[in-house]
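Peer 1: quick one, fold the following:
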Amino acid sequence: MFGKLREEITVVFGRDPAARSVWEVVTCYPGFHAMLFHRLSSRLWDWGFKWLARFLSHCARFLTGIEIHPGAKIGRRFFIDHGMGVVIGQTAEIGDDCTLYHGVTLGGTSWSKGKRHPTLGRGVVIGAGAKVLGPVIVGDGAKVGSNAVVVKDVPPGATVAGIPARVLDNSRRTTVADPSAFAAYALSGDMSDPVTQAIHALLNHTASMDRRLAAITEHLERLGMKLPEPVEPPDEFDPAYLNKIVD
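Peer 2: As a prediction, this is how the structure comes out:
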């Protein structure tokens, strides 16, 4: 018991540079307090004291601003930074070494009594304001960007962002064992939005075609061919403009 408590304190120093002393962590960190309450309420839930477990988790929510259902399964060295507004549903499962920031929701999308909340693998980092909804699986070492909405499975080691969340192009995927795998707010310097990449590719292609067209036009003019004047596009859509282009 005391070994796990020591782990809960030590992990804060590894993931929050603002932590200065054990006393500060024990007295001033709501994420640490929420986990103490949850460890106890989870035991009560498993022993069949359902109401007492819910009441204890309700008191923890009032004191910390973090709502964790006592039925949720949470692994070791779990860290909630800041914590205000975090919601973890009843059937959520969280692996070892995971990190959640404020405003994160691990929510359900169904009224069924079965598995309806997310499962997080080991070493997952979820940025502030992100929502992971439904019985999706977030693989080991994955990162969820701030304010993302995850509604489908996330591959291990991937970084996702956006609404709905999509996998970003990571040139270097990390693993849980990699000491550089942790990234505050699930940000990393090697990620690139695929939509942005596609737009840049289209712009580069357009610029290349413009250069080629200018070269062809110049060559034809040297040969003495008279080319028609370009048709300026109208400010508003005009069907006659399409006819001019075709002609």
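Peer 1: so what's the residue count around P155?
Peer 2: For P155, the neighbour count with other Cβ atoms under 10 Å is 15. For every residue, glycine as well, the C-beta is placed using N, CA and C.
Peer 1: let me redo that: P135
Peer 2: 18.
Peer 1: same question for I88.
Peer 2: For I88, using other Cβ under 10 Å, the count is 29.
Peer 1: what's across from it in the sheet?
Peer 2: I88 has the following beta-bridge partners by DSSP bridges: I68, L106.
Peer 1: so it sits right up against I94, yeah?
Peer 2: Yes: with contact defined as Cβ atoms under 8 Å, I88 reaches I94; the gap is 7.5 Å.
Peer 1: which residues are common contacts for the two?
Peer 2: Counting by Cβ atoms under 8 Å, 6 or more residues apart in numbering, the contacts common to I88 and I94 are 72, 74, 106.
Peer 1: isn't the first one right up against A92?
Peer 2: Yes: checked against Cβ under 8 Å, the pair A72 and A92 is within contact range at 4.5 Å.
Peer 1: show me the shaky parts of the chain.
Peer 2: Along the chain, the model assigns pLDDT under 70 to residues 1-3, 169-197, 200, 230-247.
Peer 1: spatially central residue in it, please.
Peer 2: V144 (1.8 Å; Cα atoms, centre = their mean).
Peer 1: Provide the backbone phi and psi angles at that one.
Peer 2: phi -110, psi 120 (degrees, to the nearest 10).
Peer 1: and T159, by the same measure?
Peer 2: Dihedral angles (degrees, to the nearest 10) for T159: phi -120, psi 130.
Peer 1: before we move on, the earlier item: can you pull the contacts of the residue nearest to the centre of the chain?
Peer 2: V144 neighbours (Cβ under 8 Å, 6+ apart): 124-127, 130, 132, 138, 150, 154, 159-161, 165, 186.
Peer 1: tell me which of these is nearest to A60?
Peer 2: I126 (19.7 Å; Cβ to Cβ).
Peer 1: burial measure for that closest one, as a count.
Peer 2: 31.
Peer 1: just checking, it touches N147?
Peer 2: No: between I126 and N147 there is no contact under Cβ under 8 Å: 10.8 Å.
Peer 1: quick one: what helix or strand has A207 in it?
Peer 2: helix 194-222 (DSSP states H and E).
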